[in-house]
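**Q** Got a predicted structure plus its sequence, pasted below:
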Amino acid sequence: MQMEEPIEPEEGTPQSSWTLAIAMLRGVLDGGTYDAVASRHGITRTAVERRIKAVAIHVASTAGIEGLNAEGAAFVRRLRLHRDAIREALDRLGTEPPAHARPIRVLTDEEISSGAVRIRGRSQQPHEDLALYYILLATGARPLEIARLEVRDYLHADGTVRRISSVRPEVAITRKERPLFFCSTRLEEALNAYLAERIAARQGMGADGEYRGLDPASRLFLSANGQGFEIKPYGSNGQKRFRCRAVQETYRKLFRYAELKQVTALTVRHTVADRLYARGADESQVGLLLGIADRSAVRDQFPRPLLSLDTLTTDLV
């Protein structure tokens, strides 16, 4: 089975490839597969995905297509839903690539802290909403993956926190296990308060004396009706994919409560990557935590911030 997964971008597509990238996007909009487009142009499937993403993000960011933003441009299914509008935008697009890459939004400490205060004051279920807010910021996991997490992913059987855990293959969008760390004090405080609230309400209970009395296989986060967020399959036979509209809507609500305008889960992943780089992480470590195996794809999609040469050379001695 395959799940809906963003195609990886290629920032700064050179001018000689821009017209080719537009042609490849048109081919995919017309129903062509990545493999077919790659074969037609004599390049790899990965290169096709990256070049299409570069054009698609530019169109989504500049053309004002209703219902399509830069994050949505990561998914071919969504591009095809807006194919007519995208074709019109491509007709108006020049043959030269944009002069400047789209700026990458990274949240500041003040924005994150102020957002948490606003969520706490506005939410009807502040403990769960704060935990959802912080887990996105502390792990960089995708919303669908967060919706799939279970109690056993966060707790040991004795009730202590699993500081070194993992995104299990059945949880990961890529279907590949990767490390997951619960090492944030803010996240732990919010999650512990939320789980205590669940226990008091007798939601998702298991055997006494283990996992704080919770069922280890119950979802870590429950929706308002006490069940896990509903995850629905979609797509044709053999290409089954999954979506969780409820968790997506929840995160939109949280960003609205936090007054974080034009912020998405992708913005948060950029913030996580930026903070990891600031602590000395390299592309392979960032990719491992974010679930991106190709180091060059990490470098393209989550580029390391570089200081200017004048800053680097000031007072060298």
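**A** Nice, thanks for sending it over. Numbers count the residues shown, from 1 in each chain.

**Q** thought residue 137 was touching residue 267?
**A** No: between residue 137 and residue 267 there is no contact under C-beta atoms under 8 Å: 10.4 Å. All C-beta spots, glycine's among them, are computed from the backbone N, C-alpha and C.

**Q** joint contacts of those two?
**A** Common contact partners of residue 137 and residue 267 (C-beta atoms under 8 Å, 6 or more residues apart in numbering): residue 107.

**Q** Count residues in the vicinity of the residue nearest to residue 255 when sequence neighbours are not counted, would you?
**A** Once flanking residues are discounted, residue 255 sits nearest to residue 263: 4.9 Å by C-beta to C-beta, 6 or more residues apart in numbering. A count of nearby residues for residue 263, using other C-beta atoms under 10 Å, gives 20.

**Q** ok but residue 263 is inside a helix, no?
**A** No: secondary structure of residue 263 (DSSP: H, G, I helix; E, B strand; the rest coil): coil, not part of a helix.

**Q** distance of it from residue 270?
**A** 10 Å (C-beta to C-beta, to the nearest Å).

**Q** now residue 201
**A** In terms of C-beta to C-beta, residue 201 sits 36 Å off from residue 270.

**Q** what is in contact with residue 263 and residue 270 at once?
**A** Contact criterion C-beta under 8 Å, 6+ apart; residues shared by residue 263 and residue 270: residue 105.

**Q** Show me the protein divided up by domain.
**A** 15-92, 109-265 (the TED database).

**Q** quick revisit: show me what contacts the residue nearest to residue 255?
**A** The neighbours of residue 263, taking C-beta under 8 Å, 6+ apart as the test, are 105, 107, 255.

**Q** and what of residue 188?
**A** Contacts of residue 188 by C-beta under 8 Å, 6+ apart are 161, 182.

**Q** Quick check: which element contains it?
**A** For residue 188, the host element (DSSP states H and E) is helix 185-201.

**Q** residues of the strand or helix carrying residue 114 that come out buried?
**A** Assessed by DSSP H and E, residue 114 sits inside helix 109-122. Neighbour-count burial for helix 109-122 flags 111-112, 115-116, 118-120 (criterion: 16 or more other C-beta atoms under 10 Å).

**Q** List phi and psi for residue 41.
**A** phi -100, psi 0 (degrees, to the nearest 10).

**Q** residue ranges for the strands of this structure, please.
**A** Under the criterion DSSP state E, the chain carries strands at the ranges 164-167, 178-181, 232-234, 241-243.

**Q** hmm, back to that, need the buried ones from the contacts of residue 263 selected in PyMOL.
**A** This is how PyMOL selects the buried members of the contacts of residue 263, with burial counted by 16+ other C-beta under 10 Å:
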select buried, resi 105+107+255
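
**Q** pLDDT added to the contacts of residue 263, as TSV?
**A** Formatted as TSV, the contacts of residue 263 follow (pLDDT from 0 to 100):
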residue	pLDDT
105	84
107	95
255	97
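
**Q** Closest to residue 183 out of the contacts of residue 263?
**A** Closest to residue 183 out of these is residue 107 (18.8 Å), distances taken as C-beta to C-beta.

**Q** Excluding covalently adjacent residues, which one is nearest to the closest one?
**A** Nearest non-adjacent residue to residue 107 (C-beta to C-beta, 6+ apart): residue 271, at 4.5 Å.

**Q** for the record, mean pLDDT for stretch 176-190?
**A** On average, the pLDDT along stretch 176-190 is 97.

**Q** swap in stretch 33-43?
**A** Here stretch 33-43 scores 85 as its mean pLDDT.

**Q** circling back: where among the domains of the chain is average confidence lowest?
**A** Across those, domain 15-92 gives the lowest mean pLDDT, at a mean of 81.

**Q** check contacts around residue 129.
**A** Residue 129 is in contact with 119, 123, 250, 254, 257, counting by C-beta under 8 Å, 6+ apart.

**Q** Please, where are all the helices along the stretch 151-300 of the chain?
**A** Assigned by DSSP state H, counting those that start in this stretch, the stretch 151-300 of the chain shows helices spanning 151-154, 185-201, 245-257, 265-278, 283-290, 295-301.

**Q** which helices and strands sit right next to the fourth one?
**A** Helix 265-278 is packed against helix 126-139, helix 283-290, with contacts defined by 3 or more C-beta pairs under 8 Å, 6 or more residues apart in numbering; DSSP states H and E.

**Q** Reformat these into TSV and put distance to residue 75 next to each item.
**A** Shown next, in TSV, are these (distance: least, C-beta to C-beta, whole Å):
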stretch	distance to residue 75
helix 126-139	19
helix 283-290	17
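
**Q** Of those helices, which is nearest residue 41?
**A** helix 283-290 (26.6 Å).

**Q** just checking, what packs against the closest one?
**A** Helix 283-290 sits against strand 178-181, helix 265-278, helix 295-301, with contacts defined as 3+ C-beta pairs under 8 Å, 6+ apart.

**Q** Same list (these) but as TSV, adding mean neighbour count.
**A** Output for the helices and strands packed on helix 283-290, formatted as TSV (neighbours: other C-beta atoms under 10 Å):
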stretch	mean neighbour count
strand 178-181	17
helix 265-278	20
helix 295-301	19
